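>>> Build me a model:
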Amino acid sequence: MTRRTPGHPAEQPALQRAQQFADPFTRRLLTHRGSTTALLEHHLGAPLALRLVAQRVRRTGMEAAHLLPLLGPHADEPWLVRRTELRHGSHAAVSRNLVMGPLPRRADLCTILTSDTVPLGRALAEHRLPQRRRLLRVGRSPWRPLATSAAWRGYVVHVDDELPFYVEEFFHPAIAPARLRPAPQPEPATAAAS
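Predicted coordinates for the structure are as follows:
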């Protein structure tokens with residue numbers, strides 16, 4: 001269960017960036033504080049399957065240097081790096097995901113984070129683990145092999161009595177269009193009255 005807490009001041013730049021996206025569902029997806037899996041399944045009207053792309057545990061490395069101050073691990077702790085996709089029944093990738101962080105000490109959370117069959121959001125909900133999500137980044141990046149941009153977000157998940165972990169989610173452009181709203185035009189100067 002995701003706790004509804006007031007937004008952290010550090011979230012404001014990402015929340016403002018999310019509002020620049022033209023599509024209402026994309027904005028909702030980028031700012032959602034609950035399970036991304038559940039929101040996507042509701043939007044698509046179908047369950048999503050997990051595809052494990054890569055997973056490894058290693059000592060904290062340079063690939064996560066920018067996250068260390070946020071997540072709090074020591075340099076010698078086991079560090080999970082996991083790449084997955086959520087896939088629709090047609091086997092098309094709906095989202096591509098990265099999870100990084102210290103390997104949890106609790107066996108139940110470790111099983112959730114390393115599952116090769118159950119999406120993270122669904123597993124956290126099924127286990128009713130209290131959690132908080134803090135949005136850090138929102139942006140657009142290429143969705144390969146398509147020649148179009150994808151919307152993405154990065155956030156930290158805090159589960160009670162554990163060090164937090166970082167999640168990045170990239171969304172297929174057909175499901176969450178990454179088009180931005182037009183920039184507001186300045187109002188034309190009015191001629192001075194004579």
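>>> what's the following helix or strand after the helix or strand bottoming out on mean pLDDT in the chain?
The helix or strand of the chain with the lowest confidence, counting by mean pLDDT, DSSP states H and E, is helix 68-71 at a mean of 67. The helix or strand immediately downstream of helix 68-71 is strand 78-87, counting by DSSP states H and E.
>>> Listing partners with orientation, what would you give for that following strand?
Strand 78-87 has these partner strands in its sheet, going by DSSP bridges: strand 49-59 (antiparallel), strand 93-102 (antiparallel).
>>> avg pLDDT for the next helix or strand after the shortest one?
To tie it back to what came earlier, the one meant is strand 93-102. The helix or strand immediately downstream of strand 93-102 is helix 107-114, counting by DSSP H and E. What helix 107-114 shows for mean pLDDT is 90.
>>> Count the residues that sit near the residue nearest to L48 when sequence neighbours are not counted.
Leaving out its chain neighbours, the residue that sits closest to L48 by Cβ to Cβ, 6 or more residues apart in numbering is L86, at 4.4 Å. To be clear about C-beta, it is placed using only N, CA and C from the backbone, and glycine gets the same treatment. By other Cβ atoms under 10 Å, the residues close to L86 number 26.
>>> Now do the contacts for L86.
T37, L40, L48, A49, L50, R51, A93, V94, S95, N97, P119 (Cβ atoms under 8 Å, 6 or more residues apart in numbering).
>>> Of those, grab the buried ones for PyMOL.
In PyMOL syntax, the buried subset of these is picked out as below (16 or more other Cβ atoms under 10 Å):
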select buried, resi 37+40+48+50+51+93+94+95+97+119
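>>> of all the contacts of L86, which comes closest to F165?
Nearest to F165, judged by Cβ to Cβ, of the contacts of L86 is N97 at 11.9 Å.
>>> Quote the end-to-end distance of stretch 29-41.
Start and end residues of stretch 29-41 are separated by 12 Å (Cα to Cα, to the nearest Å).
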